[in-house]
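> My questions concern the predicted model and sequence given below.
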Amino acid sequence: MRSLRLASLALAATFALPSVAHADLRLGGDGKRVERKGFMVGLSLLPGMMRSGRSFAPAMRFRYALGGGVHEAVTLATEFGVHKPFGIKSKKIGFDVDVVATGYIGRFFVRGGVGVTSWAYVAAKDPFKPGVGGLVGLGWEFPMGDKVGLGLGLDYDARVRPDGLLAQTVLFGLRVNAFPKK
C-alpha cells in the first residue's frame, strides 16, 4: 500500500512541474532542448529486475508510446508494453498499457503513470495474475536535434494483483521520443 501512496505522490508532483519548469532551467550542456509540441511517438528498451520472493529475477520490457506535448515541459502519452522475465521457468510474455505524464525541468525528467498488465509476477502458488497499478520514474534527456530526445532513466513499477499481492519491478533503460513536424 505504501508503494501506491508513493506512486500517487510522484504522479501529483509530475503534474505540478509545469509551473516550476517555466523558469527554463538549463541543467548543463549547450542549451539545446527538444521542442515538445504536438504529436509524439516513442520507443523504450528497459532491462531490469522483478522481485521474486526474497531475491530478484532479471526482466526486459519494450514499450511503444503515442501521445503529445501538452506544454513545453509536459508530455502525456499512452504506453503499450511487452515484458518478459528471465531466470523464471516460464515462456509467458506479458502485456501492459499505461497512461504516463512526464514533466521536464531542463533535461531532467520525472514520470508517473497508471495502468494495467496482463500478468504481474509474484513468487506465489499462482505466480502469473493480472495487475493494476502504475509507475514512477526519473531520468535525463539528451537532445538529438530539436524534435528528438534520447532519455536515460530509471522506473519503478508496482502492480497489485487480484489476490492482493504486490508485484514490483525496477527498470533502467533508454527511451527515444520524437515530435515529428506537422
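Everything's here; your move.

> what's near enough to touch the residue lying farthest from the centre of the chain?
Most distant from the centre of the chain: residue 125, at 28.6 Å, with distances by Cα atoms, centre = their mean. The contact partners of residue 125, taken as Cβ atoms under 8 Å, 6 or more residues apart in numbering, number zero. The way it works is simple: take the backbone N, C-alpha and C, and place the C-beta from them, glycine included.

> any idea how far residue 165 is from it?
10 Å (Cβ to Cβ, to the nearest Å).

> now swap in residue 61 and tell me
Residue 61 is 20 Å from residue 165, by Cβ to Cβ.

> And those two? Which one has more around it.
residue 61 (21 against 17; other Cβ atoms under 10 Å).

> Return the list of strands paired to the helix or strand that contains the more buried one, each annotated with direction.
Secondary structure assignment for residue 61, by DSSP states H and E: strand 55-71. Counting by DSSP bridges, the strands paired with strand 55-71 are strand 38-52 (antiparallel), strand 74-85 (antiparallel).

> moving C-terminal of the shortest one, what's the next helix or strand?
As assigned by DSSP H and E, the chain's next helix or strand after strand 74-85 is strand 94-105.

> what distance separates that following strand from the centre of its chain?
5 Å (Cα atoms, centre = their mean, to the nearest Å).

> So for residue 153, which of the strands paired with strand 55-71 sits nearest?
Comparing the strands paired with strand 55-71 against residue 153 with Cβ to Cβ, the closest turns out to be strand 38-52 (8.5 Å).

> which of the residues in that closest one are buried?
Within strand 38-52, the residues that qualify as buried are 40, 42, 44, 46, 48, 49, 50, 51, 52, counting by 16 or more other Cβ atoms under 10 Å.

> Alpha carbons only: can I get that strand in PDB?
Output in PDB follows, covering the C-alpha atoms of strand 38-52 (Å, rounded to 0.1, in the frame of the first residue of the first chain):
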ATOM      1  CA  GLY A  38       2.300  18.300 -31.000                       C
ATOM      2  CA  PHE A  39       2.200  14.600 -31.700                       C
ATOM      3  CA  MET A  40       4.800  12.400 -30.000                       C
ATOM      4  CA  VAL A  41       5.900   8.800 -30.800                       C
ATOM      5  CA  GLY A  42       8.400   6.900 -28.600                       C
ATOM      6  CA  LEU A  43      10.200   3.600 -28.100                       C
ATOM      7  CA  SER A  44      11.800   2.300 -24.900                       C
ATOM      8  CA  LEU A  45      14.100  -0.700 -24.200                       C
ATOM      9  CA  LEU A  46      14.200  -1.300 -20.400                       C
ATOM     10  CA  PRO A  47      16.200  -4.100 -18.800                       C
ATOM     11  CA  GLY A  48      15.600  -4.500 -15.100                       C
ATOM     12  CA  MET A  49      14.700  -6.700 -12.200                       C
ATOM     13  CA  MET A  50      11.500  -8.200 -10.900                       C
ATOM     14  CA  ARG A  51      11.100  -9.000  -7.300                       C
ATOM     15  CA  SER A  52      10.900 -12.800  -6.900                       C
END
